[in-house]
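> The sequence isn't on hand, but the structure is:
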């Protein structure tokens, strides 16, 4: 399985998500422009999108790196693979968060990495880590660069040499243990690359986050990722059984084991460590044989509340779906608005039959009427027998909650376009508008309160800054004791994009905490969510984690400032001397949690 | 739910497992004595068991504790609940490992705790922890005292005051969140106590380790316990969602969440921490409504190998059993040997019909003949529909692997006597014989090698010391990528019980590691398994964990010496001045891993 060309490392656009030439288009989606106008007051027909930012206008300070140190790095990876040119440094400076994209577009980067290195294998990664620590340099591991929590950015005030360690060449499935159902996969393998290598032998990783096309298995582990089918396959914390991590002084080896009682779990310390404990080089992951049946059924519920109740009952039942997902009325409306024009029988079914059916169920008469109708996707994957058994139970529960099944049509569409969503953020930025996401998890008993509290918090935040904003949500990822809520919010910049963004984003994060939810279910902490760590895991929890970091990385060489301690960039454009505004974003405002509560919550 | 008398804290026998007056009896089990004679050469008919050790013969040094510090403790919990009398100190010195029991019987305790305290609530626990750290004393949390990995014993050379912090009064189910399916349970609640409180409301914890009757939920968390039905309910690492831990300076609070991506998991650091990160005071645990159906079906397979293959196929199938367990031929024979005398139709079935059936399947002609037949238990729990669906799949897989079902009869017996096994250890010690267990987990692809390698290692160890020893095993706890193997071994002391024990126990542990398994699946590390930590999680893994401990407990006040660093007691009886030998055990020998391999294994 060495047929992957491991020399060619491709990256996303330096200024946005995904591949050059791919973008979100609205003109073939008749309901989209009216929806956007109604939601955030943006008239796509009259507005003129900004052009992509010009690279030659970027202000990029010279790299901080001695010739001797660059030579040392060259001695490890070869001189050609030690890169200090501007494009490499820009590509590696950030992930793709709203804040990242806005700052890049506004030429507001305060600190670029100084040097990008491309090791060929684990041995080279280990040598880079050791050389960096010996020289008191900083190492920031770089996988697909898809992170949206600020896990990749250099600390703005960093005076030492900053190395972006690109793992793109460690992209191979090394071997498969068919009997154990595991595969050894190099950390830099992108989703599609590793899946292709597995599929050749009839296996799947089963881990499909929204970022799948541009994220790596090492990144999934480093940020505690979850995939769309995690109900069946587990979160990455379950999938990743074995780990290898290049640490100062040697490689940490967690052998692939189904379970163990060897003290505090070092495996679970590496998970979510975002580079602070070393560079993940290899993951032994659970894999599964491709299933006999794989389908996504769509259902409608009268509203989000009944949808939630149904999802919970499904979770408690003997059904074992691969996906449990339900959108609130707003997101359901948004999904319909992003559909392409329907024709013929399809148009008749969607436009005439379905509304009639819904009316006949009395949904038009509920508070909020048909606008509150909730679209749900339930995935089934397994044997014919097993999926049939599960689907029968699900159908019964859906009926009990006054829902209705509408077949696999919408699920096929959802499945096809599931990885396209991130392109929307760039599309909106072109129009000076913000689109972003915040997701969380909470006990079933608190989900409705988290949902209500977050919607209200966002709306209050919009009101406080005089903006017509939008927020919508879905529930996904069911567990015994709770589930994930995933919010998407959007607004048009009024006068200061990042200042306004901070008000809204902070209100949402604070609402999570205040209502008993966590700061993130699967996006990680980075610098974006770190201000809420103490409120989430208590000050003693932070003390324990800080102790772990300081003891294992006493000189702060390993991706410093992430998870604990740092705050998102709060300085204005002046900080980046000579900055020019390309498309959006002015001064990002100082930001902090709205109310700092001592962790006196009951566990 | 405050109807538990939280003042009365009961303990196991000071010299053995379980309640006074309860013991293992063999005279009503006609096949037992012949089995023991054949297995380890002990003739129960002619041997005379030792009497229980006499408390008045124990040598107990005076407690190391200043009057001022005892007064401080009295100020926290009340003077009556600060205990320095001999019986309290003996009861709290050890868990119930073979080494513990042998040392107690031989009056070979090198260091007793100095003072036992009984806090009434979390606030008092917190004050004790803070007072202990302020006075540079040592705190060892004590739950049920059932640990068999040496997690409770004081460091023999400890000069500071050692407090055994008994959590027995924190024994209440504080509340139930029926919507989330969780309960807040105080850490000192014993299995039967908390289950009784849950059952009153129709719920179950679903966590039933062998130690259930004498272990606490705090202890389960502190040692990463697994229960017999963990295939359905999950290991304690999954069950324990929220945690509260009294740490120096304040209480660490992990809120109950279904999942989160807040960096390295502090929850997973507390799990398995054996007191080294603080004192667990409360657990928010997943609970389940009692199931409609709960049954354990018994099956026979021609041999262990086919049984293993069937268990793996069941795990991969759409069946969702609560228990998957299969014993090797030796353990299957042992199970039959511990049956009481059968009468009438039962005798005819077991003694005549079953052997006939087995012969008719050709099992008598396989290598090893009927002695290799493997007894398996598969548990089903859930709705009528769900269990029926699962059982049909299991039956098909059993048939495919040439197995046969024998109904629920043996399962009922197994279920009834499952908590009695630990009494066997004391029974054997009465006859100067060792009985002990070592369990592990490994990938499916390595299970057979781990099994074969461990059996061989034990037999080689027995041969090396000229002892006729016994070893048997079962597989339990199925996961996607592997399962647990649980070994039981026994022999009659030749000349030096603990020296001989060390040879055998070390050989078994080393065989685990050498064949790709872990040092323990659910018993924890303590001092018993700590010599293998570096081989299990690599030297860098140990360095990370050691960093965590040193940073969060710089003066080593929290149960020092456990998990990392220490070795099991290696000094002889001379160390305990004036020791008298009561029933068994002479000088425990120095012990170390047979071969220290650098952690170069592939993850």
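Sure thing, it's come through. Computed from a predicted model, the values in this text were never measured in an experiment.

> Close to chain B: what parts of the stretch 451-600 of chain A are there?
A:477, A:479-484, A:516-525, A:529, A:533, A:536-541, A:543-545, A:547-548, A:550-552, A:563-564, A:599-600 (C-beta under 8 Å from any C-beta of the partner chain). Heads up, the C-betas are built off the backbone N, CA and C, glycines and all.

> Just the ones of the residues you listed in strands?
The strands, defined by DSSP state E, take in A:477, A:482-484 from these.

> which one among these gets closest to chain B?
Closest approach between these and chain B, by C-beta to the nearest C-beta: residue A:482, at 3.5 Å.

> And the pLDDT for the closest one?
Looking at residue A:482, its pLDDT stands at 98.

> what's the nearest residue to it if we skip its chain neighbours?
residue B:258 (3.5 Å; C-beta to C-beta, 6 or more residues apart in numbering or on different chains).

> where does that neighbour land in three-state SS?
State at residue B:258, reduced to three classes by DSSP: H, G, I helix; E, B strand; the rest coil: coil.

> For it, grab the count of nearby residues.
Using other C-beta atoms under 10 Å in any protein chain shown as the criterion, residue B:258 is surrounded by 25 other residues.

> I figured residue A:511 hits residue A:461, correct?
No. Contact criterion C-beta atoms under 8 Å: residue A:511 and residue A:461 do not qualify, at 9.3 Å.

> Just among the ones in strands among the residues of the stretch 451-600 of chain A next to chain B, which is most surrounded?
Tallying neighbours with other C-beta under 10 Å puts residue A:482 at the head of those, with 33 neighbours.

> Surely that one touches residue B:242?
No. With contact defined as C-beta under 8 Å, residue A:482 does not count as touching residue B:242 (11.3 Å).

> who touches both of these two?
Shared contacts of residue A:482 and residue B:242, defined by C-beta atoms under 8 Å, 6 or more residues apart in numbering or on different chains, comprise residue B:257.

> Listing partners with orientation, what would you give for the host helix or strand of residue A:284?
In the assignment (DSSP states H and E), residue A:284 maps to strand A:279-286. Strand pairing for strand A:279-286, determined by DSSP bridges: strand A:182-186 (antiparallel), strand A:240-247 (antiparallel).

> Could you give the average pLDDT over that strand?
98.

> Near chain B, which residues of the stretch 51-200 of chain A are found?
Residues of the stretch 51-200 of chain A lying near chain B by C-beta under 8 Å from any C-beta: A:177-182, A:184.

> Any of the residues you listed buried? List them.
Taking 16 or more other C-beta atoms under 10 Å in any protein chain shown as the criterion, what is buried in those is A:177, A:180-182, A:184.

> could you dump those to TSV with pLDDT?
Below are those laid out as TSV (pLDDT from 0 to 100):
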residue	pLDDT
A:177	98
A:180	98
A:181	98
A:182	98
A:184	98
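
> rewinding a little: tell me which residues touch the residue nearest to residue A:482, please.
Neighbouring residues of residue B:258 by C-beta under 8 Å, 6+ apart: A:441-443, A:479-484, B:241.

> Please determine how far the residue most central in space within chain A is located from residue A:324.
Nearest to the mean C-alpha position of chain A, by C-alpha atoms, centre = their mean, lies residue A:523 at 4.6 Å. Applying C-beta to C-beta, to the nearest Å, the value for residue A:523 to residue A:324 is 20 Å.

> Going by neighbour count, list what's buried in stretch A:26-39.
Along stretch A:26-39, the positions that meet the burial threshold by neighbour count (16+ other C-beta under 10 Å) are A:26, A:29, A:31-33, A:35-36, A:39.

> got the end-to-end distance for that stretch?
15 Å (C-alpha to C-alpha, to the nearest Å).

> Work out the gap between it and the centre of the chain.
25 Å (C-alpha atoms, centre = their mean, to the nearest Å).

> re the thing from before, from the chain's centre, how far out does the next helix or strand after the strand holding residue A:284 sit?
Using DSSP H and E, the helix or strand that follows strand A:279-286 towards the C-terminus is strand A:288-289. Here the centre of strand A:288-289 is set off from its chain's centre by 25 Å, with C-alpha atoms, centre = their mean.

> Provide the partner residues of residue A:482 in its beta bridges.
residue A:443.

> With the one 10 residues further on instead?
Note on residue A:492: beta-bridge partners by DSSP bridges are residue A:433.

> tally of neighbours for it?
21.

> I'd say it and residue A:435 touch.
No. Using C-beta under 8 Å as the test, residue A:492 is too far from residue A:435 to be in contact (10.3 Å).

> Low-confidence regions, chain A specifically.
A:1-7, A:566-603 (pLDDT under 70).

> Residue most distant from the centroid, it?
residue A:360 (39.2 Å).

> residue ranges of the helices in the stretch 301-450 of chain A, please?
Per DSSP state H, counting those that start in this stretch, the stretch 301-450 of chain A carries helices over the ranges A:304-316, A:329-337, A:344-348, A:354-360, A:384-400, A:409-417, A:423-430, A:444-464.

> Select, out of those helices, the one closest to residue B:16.
Smallest distance to residue B:16 across the helices of the stretch 301-450 of chain A (C-beta to C-beta): 42.1 Å, for helix A:304-316.

> May I see the buried residues of that closest one?
Neighbour-count burial for helix A:304-316 [16+ other C-beta under 10 Å]: A:304-315.

> If you count contacts, what does that helix end up packed against?
strand A:293-301, strand A:323-327, strand A:374-382, helix A:384-400, helix A:444-464, strand A:470-478, strand A:482-492 (3 or more C-beta pairs under 8 Å, 6 or more residues apart in numbering or on different chains; DSSP states H and E).

> run the last query once more with 10 Å
The contact analysis (3 or more C-beta pairs under 10 Å, 6 or more residues apart in numbering or on different chains; DSSP states H and E) places helix A:304-316 against strand A:293-301, strand A:323-327, helix A:329-337, strand A:374-382, helix A:384-400, helix A:444-464, strand A:470-478, strand A:482-492.

> Mind checking if the second one is in reach of chain B?
No. Where contact is defined by C-beta under 10 Å from any C-beta of the partner chain, no part of strand A:323-327 touches chain B; the two come within 12.4 Å at best.

> Give me the sheet partners of that strand and which way each runs.
Next to strand A:323-327 in the sheet, as set by DSSP bridges, lie strand A:374-382 (antiparallel), strand A:470-478 (antiparallel).

> Need those strands in TSV (columns: distance to residue B:118).
Output for the strands paired with strand A:323-327, formatted as TSV (distance: least, C-beta to C-beta, whole Å):
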stretch	distance to residue B:118
strand A:374-382	51
strand A:470-478	42
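
> what's the closest of those to residue B:331?
Judged by C-beta to C-beta, the one of those that comes nearest to residue B:331 is strand A:374-382, at 33.0 Å.

> what angle separates the closest one from strand A:293-301?
160 degrees (axes from the mean of the first three to the mean of the last three C-alpha atoms, to 10 degrees).

> Quick one: residues contacting the closest residue to residue A:225 other than its chain neighbours.
Closest residue to residue A:225 apart from its sequence neighbours, by C-beta to C-beta, 6+ apart: residue A:236 at 4.6 Å. Listed by C-beta atoms under 10 Å, 6 or more residues apart in numbering or on different chains, the contact set of residue A:236 reads A:205, A:207, A:209, A:217, A:219-227, A:230, A:271-272, A:283, A:285-286, A:522, B:261.

> So residue A:236 versus residue B:267, what's the distance?
Counting by C-beta to C-beta, the gap from residue A:236 to residue B:267 is 16 Å.

> where exactly do the helices run in the stretch 1-150 of chain A?
A:32-40, A:67-77, A:86-91, A:98-105, A:122-134.

> Could you name every residue contacting both of residue A:492 and residue A:435?
A:40, A:428, A:470.

> Turn those into TSV, columns for neighbour count.
Shown next, in TSV, are the shared contacts of residue A:492 and residue A:435 (neighbours: other C-beta atoms under 10 Å in any protein chain shown):
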residue	neighbour count
A:40	21
A:428	25
A:470	25
